[in-house]
Structures are given as C-alpha cells and as structure tokens.
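Asker: Fold the following and give me the result.
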Amino acid sequence: MDSPAMIDTLDDLDVEGTTVGVRVDVNSPIDDDGTLADDARLRAHVDTLAELIERGGRVAVLAHQGRPGGDEFVSLESHADRLSELLGQPVGYVDATFSDAAREAVRSLENGECVVLENTRFYSEEYMEFEPERAAQTHLVTGLAPVLDAYVNDAFAAAHRSQPSLVGFPTVVPGYAGRVLESELDVLGTIEETPEPRVYVLGGAKVPDSIDVAWSILEKGLADHVLTAGVVGNVFLIADGVDLGDASSDFIYDQGYWDEIDRAADLLDAYGDRIALPRDVAVSRDGNRHVLGVNALPPRGDEAAMDIGDLTLEYYQRILDDAGTVILNGPAGVFEQSEFERGTRELYSAATDAPTSIVGGGDTASALRRLGIEGFSHVSTGGGAALRMLTAEPLPAVTVLENGHRN
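Answerer: Purely as a prediction, here's the structure:
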C-alpha cells in the first residue's frame, strides 16, 4: 500500500516566500442560491492551509466543485468566503484558473496570503483522466505551473483520479503531501497493523466497489468478519437464495448490479464462514417501519428492504463487541428517512467501542454528520479513494508524488 514515508510532506518544504499550489477537495453540498450548504470538507483542509500561511507561504488553492451540467456545478467564490472565516484572515478569489488573470493573482500574493482559483472543472480537460506526463501538457498545468514554486496535494478524496490538477503539476514542480493526505495514508496504508480481530462493515449502494473490497480483504486475510448491510446486504441475500421481492430486486437491476449477484455468490462459496448476512430487514408498511425476518420474505407488493432489522443488529453487535478494529464503509440503510436510520445509528455507535474504528468517508461520513455520531479513531475524507486503499490499489495522485517531478 501507499505509505507517507515514500513521499515528501510539508515537513520537507521550505515554505517562506514560496508560491505553493495547493489542491484540496472541497466538493460540497450547495444550497439553491449557489452557496455552501455544508463546510465539513473545507474545515478538513484548514490545518494544511493555515500551516502554509503561518509559515509565510504564498498559497494558491485549486479545487473542483460538482459535475458539468449538475446543480452543484458552481464557482468557488462562496468557498473562498467561508475559508476567510475559517482561517481568520482574508482569502482572495479569482474567477479564472490558468489565464493571465489567474497568473497575475498568484504573482501578486505576498507572504502569508491566500487566493482561491476558479473551479478546475470549468475546463474540459480537468474532467478527463491522463497519464501524468500527458496531464503536464494540458492547458491548466502549462498555464499555471510557471508561477508556482511547489505543489501540495491535500485532496485525498480525489486521489484515485488521474486528472491534470492531481497528477500534472507534480511532474513539473516539486510535489508534497498536505496534512490531510499524509494522515489518510498513515492510517489507511497500515490497516494490516491494526488490532485483531478486524471487522469490516460493507453497506451503502456502491455494490461493485464493496464486492471488490470484500474479495481483496478476504483473500489477503485482513478481515475476520465482513458484515453486509444496505443494498450490498440485499445483493448478498439474493445471492444466498433469499427472495427480497420485486421492489428490492428491481432497484438492484435498474442500478446495473444484477451481475454482482453472481460475484456475491462466489464470495459466499469461498468465504461464507466470514461473511455475515442480514437476518431481518425493515420495510415501509402503512407509513411505518415494519420488520420482516428472512424466513418471512418476500414483502408485500412494492415494499423494498430499506434497513436492517433488530435481529440483525443484535447479531452484528455481538461480533462488534469482540472486534479489535472496525472498518465501516457505507450506511446500513436509507438513513435519510428517520424511520430507517436506526440500523445505521446503532451499528455505527457500537463500532465506536472498538479499540480502533475507521470510517471510509464519502456517504458514510455524511451519515455520521447527519446522525451526530462521534468517537471514531479516524474518519476518512474520501470514499472512492479509501476503497482503493483498502483493496491495495494504487492511487494515481499518490504514485506521482512518489515518483517526483522530472524537470
């Protein structure tokens, strides 16, 4: 796995008077008026940015927001305003990323000043993936790199992507890991050193990714138990021969996950003694939460399995009680609806009692914030990137830092 020992960090950077491009991941929920609805991802990067500012750096912030055509595809002006509040000093904003205006804004920085450049995804190349050498030739990198002395990647949540702002700059200017990236690599890169037994809770709706994780951790002997929940748990139940009814089955089919049932069945054949399946599920019946044991399925009509039930919670909690390490990825059900938040709330709360408890970011971290659950050893800032690390897959944005710049 990637290790922070193989890359330079802020400890290796002579910051004072240095113009530093800092790639962060502040991709956040946006209100209807185009302003930030949640600043959790900005707050994650405050330590890195504050350190660079306090050490006399000239800081140019690079980030993306939303996807082209989406409602959250907006400028970073409100992000800059919020960073000003979080950092306790003015943070500039320029509505360009690599143009003359952007370069002038960066050149004009004094020691200890910071400017946020425009949403990198406003430029089509940033929504494409390249090999690092090709990424270094894009307009974004060739336009901005000449005014940078160094590059810091603090965007762990995007580190599994190979886009210009993530892999292009460190091929042409010295690259370093920011504090968020360093911390994530330190924790997720040493999973095999955490206390045993290790219990992985795989939930949510990212079924192919979760099955990839399950195969990897079971083959490598990293997991003593894998607890399944959410849509992932539903797929495993169907693979085990359980009839979940038309509503749940149709959802799985519509998401393109039907072929994953065969992969889940293969996993059960190979490692069934270490994979735990839900023993009951909760559905919505007459406007209320209604729990059905597996032997009472399928549910009526259009009732879909929306959460794990009480028997499953008791079963899973007994396993968690004996765990040395718990790794959580994905909620246990449709926690956004109050009648189906119980499985996620109780399962995650039980996990905090383990000596080591790690949350895999993304939707999982959002669930924790929504439910107000705290007490974990580590909450990752990245969903997809965390999954990559848990399957020992390389992260392009980390690999390029390991290789170093070539000019």
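Asker: Quick check: the closest residue to residue 339 other than its chain neighbours vs residue 347, distance?
Answerer: Using Cβ to Cβ, 6 or more residues apart in numbering and skipping residues adjacent in sequence, the residue nearest residue 339 is residue 289, 4.3 Å away. Placement of C-beta: from N, CA and C, glycine included. Using Cβ to Cβ, to the nearest Å, one gets 16 Å for the distance from residue 289 to residue 347.
Asker: What of residue 39?
Answerer: In this structure, residue 39 and residue 347 are 27 Å apart, going by Cβ to Cβ.
Asker: neighbour-wise, which of these two wins?
Answerer: The residue with the greater number of neighbours, taking residue 39 and residue 347 and applying other Cβ atoms under 10 Å, is residue 347; the counts read 25 against 18.
Asker: Tell me the helix or strand right after the helix or strand harbouring the more buried one.
Answerer: In this structure, residue 347 sits in helix 342-351 according to DSSP states H and E. Remark: after helix 342-351, the chain's next helix or strand is strand 356-359, criterion DSSP H and E.
Asker: Let me know whether my guess that the residue nearest to residue 339 is in a strand holds.
Answerer: Yes: residue state for residue 289 (DSSP: H, G, I helix; E, B strand; the rest coil) corresponds to a strand.
Asker: Tell me the spacing between it and residue 69.
Answerer: Between residue 289 and residue 69 the computed distance is 36 Å (Cβ to Cβ).
Asker: Give me the more crowded residue out of these two.
Answerer: Neighbours were tallied for residue 289 and for residue 69 using other Cβ under 10 Å; the higher tally belongs to residue 289 (17 against 6).
Asker: gap between the more buried one and residue 308?
Answerer: 12 Å.
Asker: Which residues are in contact with each of these two?
Answerer: Common contact partners of residue 289 and residue 308 (Cβ atoms under 8 Å, 6 or more residues apart in numbering): residue 282.
Asker: For the spatially closest residue to residue 243 that is not a sequence neighbour, list the residues it contacts.
Answerer: Sequence neighbours aside, residue 298 is the residue nearest to residue 243 in space, at 4.5 Å (criterion: Cβ to Cβ, 6+ apart). Residue 298 sits next to 243-246 when contact means Cβ under 8 Å, 6+ apart.
Asker: Please pick the buried ones from the residues you listed.
Answerer: Among the contacts of residue 298, the ones that count as buried by 16 or more other Cβ atoms under 10 Å are 244-245.
Asker: what are the ranges of the strands in the stretch 251-400 of the chain?
Answerer: Counting by DSSP state E, counting those that start in this stretch, residue ranges of the strands within the stretch 251-400 of the chain are 275-276, 280-285, 288-293, 307-308, 325-329, 356-359, 378-379.
Asker: In JSON lines, list these along with mean pLDDT and distance to residue 115.
Answerer: As requested, the strands of the stretch 251-400 of the chain are exported to JSON lines (pLDDT from 0 to 100; distance: least, Cβ to Cβ, whole Å):
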{"stretch": "strand 275-276", "mean pLDDT": "98", "distance to residue 115": "50"}
{"stretch": "strand 280-285", "mean pLDDT": "94", "distance to residue 115": "49"}
{"stretch": "strand 288-293", "mean pLDDT": "94", "distance to residue 115": "50"}
{"stretch": "strand 307-308", "mean pLDDT": "96", "distance to residue 115": "45"}
{"stretch": "strand 325-329", "mean pLDDT": "94", "distance to residue 115": "35"}
{"stretch": "strand 356-359", "mean pLDDT": "94", "distance to residue 115": "32"}
{"stretch": "strand 378-379", "mean pLDDT": "91", "distance to residue 115": "29"}
